[in-house]
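Sharing a model that was predicted from the sequence below.
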Amino acid sequence: RRPRLTPGRHRGGRAAVPQRHELAAMRAQPPKGASIVDRPLSKGRQEVSQSAFGYIFSEFIQYSLARSDTANDLETKLEEAGYAVGVRVLELVSFREGKPRRETRRLGALQNVRGPVWKSLFGKQADALEKVVDNDDEYHIIEQDPLVNQYVSVPPALANLNCAAYVAGIIRGVLCSGGFPAQVSAHTDSSPEGGGTRTIFLVKFAPEVIAREQARGLA
């Protein structure tokens, strides 16, 4: 409930009329007991410490692992959880960037993921965006050391597990909510620079995305 405006009295018996900035401040304040979803969105930069994120994410991994039979089952659960985040991220990033325009080409949608979306989530843009030469509908988003893999120690029994499946789900959610349905998977690859591995997110767009751009002469 919005607070009621109760007329006050100044000297001379005049009623105190709230000023415009006072009314705006009252509207911006959520009612007492309101949940966080009732509060206005902030356009400022929001950050969470890596240690806090690492703890929460590792607990989420343990929770999902207890309900999975194989590494593939666990990756599927991570991807589904990431997708639920991704479908909300695009609108939030557009609001904070002040650019509510909609991309019409798949390359523009991918560049938005690599740039503003990645910066909003991880504080930097993705390391690289590449097109697969042999397939017109496939692209690679490359990250040298994904944040979600930095705090997880994978046991030998789950050697093929890549927790970046969670990020793959976020990418798919962002693309689907923007009108670019796609399948996204995370793959571990040896780094060409040597001395470690990198994660490649393979993005494969749905046939209707390619057909739509060809019909518009955008492909």
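Structure received. Residues are numbered from 1 along each chain as shown.

so where's the protein uncertain?
Within the chain, the ranges that satisfy pLDDT under 70 run 1-46, 100, 194-195, 218-219.

can you give me the strands in it?
Remark: strands assigned in the chain by DSSP state E are 128-131, 138-143, 182-190, 197-205.

Could you dump those into CSV with mean neighbour count and distance to Ala71 added?
C-betas here are computed from N, CA, C, even on glycine. What follows is the strands of the chain, written out as CSV (neighbours: other CB atoms under 10 Å; distance: least, CB to CB, whole Å):
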stretch, mean neighbour count, distance to Ala71
strand 128-131, 14, 26
strand 138-143, 20, 20
strand 182-190, 17, 12
strand 197-205, 20, 15
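
In JSON lines, list those along with distance to Trp118.
Formatted as JSON lines, these follow (distance: least, CB to CB, whole Å):
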{"stretch": "strand 128-131", "distance to Trp118": "10"}
{"stretch": "strand 138-143", "distance to Trp118": "8"}
{"stretch": "strand 182-190", "distance to Trp118": "14"}
{"stretch": "strand 197-205", "distance to Trp118": "11"}
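
which one of those lies closest to Val87?
Closest to Val87 of those is strand 182-190 (CB to CB; 13.0 Å).

so that closest one versus strand 197-205, what angle?
Between the axes of strand 182-190 and strand 197-205, defined by axes from the mean of the first three to the mean of the last three CA atoms, to 10 degrees, the angle is 160 degrees.

Relative to strand 182-190, what are the paired strands and their orientations?
Using DSSP bridges, strand 182-190 pairs in its sheet with strand 197-205 (antiparallel).

And Glu130, how far from Tyr139?
7 Å (CB to CB, to the nearest Å).

got it, and Glu80?
Distance from Glu80 to Tyr139, by CB to CB: 22 Å.
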